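Engineer: Need the 3D shape of this:
(4 chains)
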Number of protein chains: 4
Amino acid sequence: MPAVRPTRDQYVYWEQQTTRWADIDVYGHMNNARYFEIIDTVVNNHLEGAVHQGADLRTLPVIGVVAEVGCRYFAEVHYPTPIDVGVAVEKVGTSSVVYRVGLFQGDDPLAKAEGRFVHVYVDNTDPARPVAPMPEEIRAAVTPLLG
Amino acid sequence: MPAVRPTRDQYVYWEQQTTRWADIDVYGHMNNARYFEIIDTVVNNHLEGAVHQGADLRTLPVIGVVAEVGCRYFAEVHYPTPIDVGVAVEKVGTSSVVYRVGLFQGDDPLAKAEGRFVHVYVDNTDPARPVAPMPEEIRAAVTPLLG
Amino acid sequence: MPAVRPTRDQYVYWEQQTTRWADIDVYGHMNNARYFEIIDTVVNNHLEGAVHQGADLRTLPVIGVVAEVGCRYFAEVHYPTPIDVGVAVEKVGTSSVVYRVGLFQGDDPLAKAEGRFVHVYVDNTDPARPVAPMPEEIRAAVTPLLG
Amino acid sequence: MPAVRPTRDQYVYWEQQTTRWADIDVYGHMNNARYFEIIDTVVNNHLEGAVHQGADLRTLPVIGVVAEVGCRYFAEVHYPTPIDVGVAVEKVGTSSVVYRVGLFQGDDPLAKAEGRFVHVYVDNTDPARPVAPMPEEIRAAVTPLLG
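Structural biologist: Got it, this is the predicted structure:
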């Protein structure tokens, strides 16, 4: 439906994720909610690898919470083919990062889907979780992904 | 984060959905992908009830496929409180419907999250699934939800 | 396949859970993993209601971890019909509870499936999570469910 | 808790599956239902590869339905480490196959969990799905996995 499907060269960080039988709905393609399981996994994996080197993101005082996500579905993702997931960063703000995440399968050069994922950093030591400046190591990790 | 959170009066069709232990992530709130399980369930339930009265949507020649979705997260959804889900239709085209879906919990008058969900109707008898005009009974079902 | 499907009178605690579009696999019935989302939700809901009255189970020093589960599938669970979930307790030990959980739909008097769910209580203040005696309020909550 | 945790040499067919952020619950380990997503994916992947070579299992006249599953949890599965999944067959009957599926992570020689998975073959051309003899190509695929 969209005029232009993204290509692999538009993404910087790559991972492959396996697909699951339970991802597939009655029409034989991946359920729309399941794409977001892939998307936030790879965004978090990048941060784990780039920033924390074994430390646990989830115990830090400032954590990234998901403020907004979206996905445009261009073509069907099939099971059991694994998904090549490419990540680029569209924008780095004081407290937020906007990611674009492309999902590809097999040798198709065009994305099956593209997700948009917005992390906002909040102070997890305060139960109200107010917005907080992004830690410097997060900024250093995401800046190289600016496409 | 957003200036304005939607209120209950902005939605027309309502259902209550239960939350699950497995919806909740390590931070104690609903995982971002899980919201979309709630959203497409209620959109499909409305169609089942309004159009098909027991017939199976999934065996019709023209079916709705999900072309695009999105969600803005305003406040945390907690388990085990059920979710009140409100649906409104923003736009009805020749072959597409754009829904807005508000998620509420308890007596909070403001939405915890708002999803956007775009169905495009395609000819399921053709393996290429080309875009096709929406069946009249679908149009009749979604038009009253125009907010 | 089994000789005898359980009936509703064999369960003590009841809840109704909604089904989701994403629960359904390519054959049109609930994916086998999804039954366990329903099962542990209702077991946990019972504990939340009976023991904690608003307190958060997940922050207690002694917590129940899942040691073993199982499910026998007798007949198909369909979407979008909600599931009536019945819970009985088969055995209460010093540190463990064995639950039986029956899943029913509509006016069918026979269970669609029966789950078995074993909670073992462990000391969550110790990273090794050693087995610990069940808190008295848990024992008081589960004993009335002995079928 | 169990006296004996299975080791890698007890399984015949192997695959690696990625873990997802959404697999993890509030305690930081994989939710009990999610193990079954891994288990039935790998059982089905084996059949896709061994039997069908590109054909679609789901459109065959005789299909395997899940009659019973179970899982014993020995130690925590962590995200984002991938899971090494080993499969062995315990029993091949006229119409059924009983699998044992071991889940391992990292260099731990002991299983984190072991699943039991029972496929019963049924005639999918009959809406009542009566039990039917297993196709010969299925028998040929699963027999080499007898441990």
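Engineer: okay, the angle between the single longest helix found in chain A and helix B:32-47?
Structural biologist: Looking across chain A with DSSP state H, the single longest helix is helix A:32-47. Per axes from the mean of the first three to the mean of the last three Cα atoms, to 10 degrees, the angle that helix A:32-47 makes with helix B:32-47 is 170 degrees.
Engineer: near chain C at all, helix A:32-47?
Structural biologist: Yes - interface with chain C: helix A:32-47 contributes A:33-34 (Cβ under 8 Å from any Cβ of the partner chain). Where C-beta positions appear, they are placed from N, C-alpha and C, glycine not excepted.
Engineer: Give the other helices and strands that whichever strand or helix holds A:Val98 contacts.
Structural biologist: Taking DSSP states H and E as the definition, A:Val98 sits inside strand A:96-104. Applying 3 or more Cβ pairs under 8 Å, 6 or more residues apart in numbering or on different chains; DSSP states H and E, one finds that strand A:96-104 makes contact with helix A:32-47, strand A:83-92, strand A:113-123.
Engineer: Whatever helix or strand comes next after the last one - contacts with which helices or strands?
Structural biologist: On the C-terminal side of strand A:113-123, the nearest following helix or strand under DSSP H and E is helix A:136-142. Contacts of helix A:136-142 with other secondary structure elements, assessed using 3+ Cβ pairs under 8 Å, 6+ apart, are made with helix A:32-47, strand A:83-92.
Engineer: any idea of the mean pLDDT for helix A:136-142?
Structural biologist: For helix A:136-142, mean pLDDT rounds to 93.
Engineer: again, but for stretch A:115-126
Structural biologist: 95.
Engineer: contacting residues around that stretch?
Structural biologist: Stretch A:115-126 is contacted from outside by A:35-36, A:39-40, A:43, A:60-71, A:90, A:95-103, A:129-135, A:138, B:1, B:27, B:70, using Cβ atoms under 8 Å, 6 or more residues apart in numbering or on different chains.
Engineer: returning to that earlier point: so which of the helices and strands packed on strand A:96-104 has the densest surroundings on average?
Structural biologist: The highest mean neighbour count among those, using mean count of other Cβ atoms under 10 Å in any protein chain shown, belongs to helix A:32-47: a mean of 24.
Engineer: distance between that helix and the chain's centre?
Structural biologist: Put simply, helix A:32-47 sits 5 Å off its chain's centre (Cα atoms, centre = their mean, to the nearest Å).
Engineer: Quick one: name whatever helix or strand follows that helix.
Structural biologist: Per DSSP H and E, the first helix or strand lying C-terminal to helix A:32-47 is strand A:62-73.
Engineer: How far off centre is that following strand?
Structural biologist: From the chain centre to the centre of strand A:62-73 is a distance of 8 Å (Cα atoms, centre = their mean).
Engineer: Quick one: check that strand for contact with chain B.
Structural biologist: Yes - using Cβ under 8 Å from any Cβ, strand A:62-73 reaches chain B at A:63, A:65-73.
Engineer: My read is that A:Glu90 contacts A:Arg100, right?
Structural biologist: Yes - with contact defined as Cβ atoms under 8 Å, A:Glu90 reaches A:Arg100; the gap is 5.4 Å.
Engineer: which residues do those two both contact?
Structural biologist: When contacts are counted by Cβ under 8 Å, 6+ apart, A:Glu90 and A:Arg100 have A:116, A:147 as shared neighbours.
Engineer: that older thread, touching chain B at all, the longest helix of chain A?
Structural biologist: Yes - shown here: helix A:32-47 in contact with chain B (Cβ under 8 Å from any Cβ) through A:32-37, A:40.
Engineer: Chain D next: which of those are close?
Structural biologist: Counting by Cβ under 8 Å from any Cβ, the members of those that reach chain D are A:37, A:40.
Engineer: As JSON lines, the residues of helix A:32-47 next to chain B with pLDDT and distance to A:Gln17 would be great.
Structural biologist: Shown next, in JSON lines, are the residues of helix A:32-47 next to chain B (pLDDT from 0 to 100; distance: Cβ to Cβ, whole Å):
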{"residue": "A:Asn32", "pLDDT": "96", "distance to A:Gln17": "16"}
{"residue": "A:Ala33", "pLDDT": "97", "distance to A:Gln17": "15"}
{"residue": "A:Arg34", "pLDDT": "97", "distance to A:Gln17": "11"}
{"residue": "A:Tyr35", "pLDDT": "98", "distance to A:Gln17": "11"}
{"residue": "A:Phe36", "pLDDT": "98", "distance to A:Gln17": "12"}
{"residue": "A:Glu37", "pLDDT": "98", "distance to A:Gln17": "9"}
{"residue": "A:Asp40", "pLDDT": "95", "distance to A:Gln17": "11"}
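Engineer: Pipe the helices and strands packed on strand A:96-104 into JSON lines and attach distance to B:Tyr79 per row.
Structural biologist: Shown next, in JSON lines, are those (distance: least, Cβ to Cβ, whole Å):
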{"stretch": "helix A:32-47", "distance to B:Tyr79": "17"}
{"stretch": "strand A:83-92", "distance to B:Tyr79": "28"}
{"stretch": "strand A:113-123", "distance to B:Tyr79": "20"}
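Engineer: do you know which of those lies nearest C:Thr81?
Structural biologist: Closest of the helices and strands packed on strand A:96-104 to C:Thr81 is helix A:32-47, at 20.2 Å (criterion: Cβ to Cβ).
Engineer: relative to strand A:113-123, how tilted is that closest one?
Structural biologist: 60 degrees.
Engineer: quick one, what contacts the closest residue in space to A:His46 that isn't next to it in sequence?
Structural biologist: Nearest residue to A:His46, sequence neighbours excluded (Cβ to Cβ, 6 or more residues apart in numbering or on different chains): A:Tyr13, at 5.2 Å. Contact analysis of A:Tyr13 by Cβ under 8 Å, 6+ apart lists A:42, A:46, A:86-88, A:145.
Engineer: Brilliant, that's me finished.
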